[in-house]
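Enquirer: based on what follows, work out the 3D shape:
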Amino acid sequence: MRRLTLVTGLALVALLVVAAVLSLGWTPHDPTLVQAGQRLQPPSWSHWLGTDRMGIDLVSRLMTGARSTLLVGVAAVLLAAAVGVPLGIWAGMSRGLAADLVLRAGDVLLALPALLLAILLVAARGGSAATVTIAIGVAAIPVFLRLANAATRGVMALDYIDAARMAGISRAAIARRHVLPNIAPLLGVQASASFSVAILAEAGLSYLGLGAPAGSPTWGRMMRDGQADLFLTPWPALIPGLAVALAVLGFNLLGDGLRDQLDPRLREWR
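Expert: Numbers count the residues shown, from 1 in each chain. Sure thing, here's the model as predicted:
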């Protein structure tokens, strides 16, 4: 069952990646081509998932939206990890007021909702994919900070760390050779979980009009555009919503599967 969780998560994530990569060079139709005579068409051989109220092919918009979703998710998680992990490792290896201040600053940032941060950034910089990425990434920094800090403290309590210190190995070398390799599996699981949060946040912000500019094919904007005709033709709103749900499910299952495989306490004995 645990392997099934991992395989299912990998399959859903792979589907998202394949759709995003394919959209770089091919889509069934032009994802920005407006065809008034083809508006709100049901699924057919010509338009596999139908068209929206502007006559744009939904499959093409979904594929292009997958690219935007993946780019925002990757960039936001990398930003959060690049800031949170080094600070967490440093705080976990240190004692004193400075380390406590870093952790308290993370707590304050954790209390700031990503949506509020996005609104503030949009007011200052204007709506864009970069603004959404920064908002989501900054909001996720405390999660990586606290995880890296707790895991580092556990590693620093081991006997071989004391031996490394007595051998004269520098703190930077201990962090690089001993701490980071030991906590990397935990960080990988957290990164997978953070991807799902980033995808959901990006869709929600785009739905509210705080994401990419109008005309950009994002899943959240597709849901927003399709809600006007929800009771007449539900597929323009339901299909991108289902895509968001499957992407979030895929990364959550992937994170659970990785945790089960990497944690010896949860690994199945065969």
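Enquirer: just the helices in the protein please.
Expert: For the chain, the helices defined by DSSP state H cover 2-23, 58-93, 97-110, 114-125, 129-156, 159-166, 171-174, 180-207, 219-226, 235-262.
Enquirer: quick one, what contacts residue 249?
Expert: 9, 12, 196 (CB atoms under 8 Å, 6 or more residues apart in numbering). Using the backbone N, CA and C atoms, a C-beta is placed for each residue, glycine as well.
Enquirer: contacts only, for the closest residue to the last one other than its chain neighbours.
Expert: To tie it back to what came earlier, the one meant is residue 196. The spatially closest residue to residue 196, leaving aside those adjacent along the chain, is residue 251, at 3.8 Å (CB to CB, 6 or more residues apart in numbering). Under the criterion of CB under 8 Å, 6+ apart, the neighbours of residue 251 are 9, 12-13, 192-193, 195-196, 199.
Enquirer: can you select the buried ones from those residues in PyMOL?
Expert: Filtering these down to the buried ones (16 or more other CB atoms under 10 Å) takes a single PyMOL command:
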select buried, resi 9+12+13+192+193+195+196+199
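Enquirer: count the residues that sit near residue 256.
Expert: 19 (other CB atoms under 10 Å).
Enquirer: and the one 4 residues further on, by the same measure?
Expert: When counting by other CB under 10 Å, one arrives at 18 neighbours for residue 260.
Enquirer: I'd say it and residue 6 touch.
Expert: Yes: taking contacts as CB atoms under 8 Å, residue 260 lies within contact range of residue 6: 7.1 Å.
Enquirer: model confidence for residue 61, exactly?
Expert: As predicted, residue 61 sits at a pLDDT of 92.
Enquirer: just give me the neighbour total for it.
Expert: Around residue 61 there are 29 residues (other CB under 10 Å).
Enquirer: for the helix or strand of the chain at the bottom of the mean pLDDT ranking, what is the distance to the chain centroid?
Expert: Ranked by mean pLDDT, DSSP states H and E, the weakest helix or strand in the chain is helix 114-125, scoring a mean of 74. On the basis of CA atoms, centre = their mean, to the nearest Å, helix 114-125 sits 18 Å off its chain's mean C-alpha point.
Enquirer: may I have stretch 138-153 exported as CSV, CA atoms only?
Expert: Below are the C-alpha coordinates for stretch 138-153, written out as CSV (Å, rounded to 0.1, in the frame of the first residue of the first chain):
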residue,chain,number,x,y,z
VAL,A,138,8.5,34.0,1.6
ALA,A,139,5.5,32.5,3.4
ALA,A,140,7.1,29.0,3.2
ILE,A,141,10.5,30.1,4.6
PRO,A,142,9.5,29.5,8.3
VAL,A,143,8.5,25.9,7.5
PHE,A,144,11.9,25.0,6.2
LEU,A,145,13.6,27.1,8.9
ARG,A,146,11.9,25.2,11.8
LEU,A,147,12.3,21.8,10.1
ALA,A,148,16.0,22.3,9.4
ASN,A,149,16.6,23.7,12.9
ALA,A,150,14.9,20.8,14.7
ALA,A,151,16.6,18.1,12.5
THR,A,152,20.0,19.8,13.0
ARG,A,153,19.6,19.8,16.7
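Enquirer: contacts for that stretch, please.
Expert: Against stretch 138-153 from outside (CB under 8 Å, 6+ apart): 76-77, 79-81, 83-89, 91-93, 102-103, 106-107, 109-110, 112-114, 117, 179, 182-183, 186-187, 190, 194, 197-198, 201.
Enquirer: can I get the buried part of those as one ChimeraX selection?
Expert: Selection command for ChimeraX covering only the buried members of these, criterion 16+ other CB under 10 Å:
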select :76,77,79,80,81,83,84,85,87,88,89,91,92,93,102,103,106,109,114,117,179,183,186,187,190,194,197,198,201
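Enquirer: show me the shaky parts of the stretch 51-200 of the chain.
Expert: 123 (pLDDT under 70).
Enquirer: hang on, the earlier thing: let's have the contacts of residue 249 in JSON lines, adding distance to residue 230.
Expert: Putting the contacts of residue 249 into JSON lines (distance: CB to CB, whole Å) gives the following:
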{"residue": "9", "distance to residue 230": "30"}
{"residue": "12", "distance to residue 230": "25"}
{"residue": "196", "distance to residue 230": "25"}
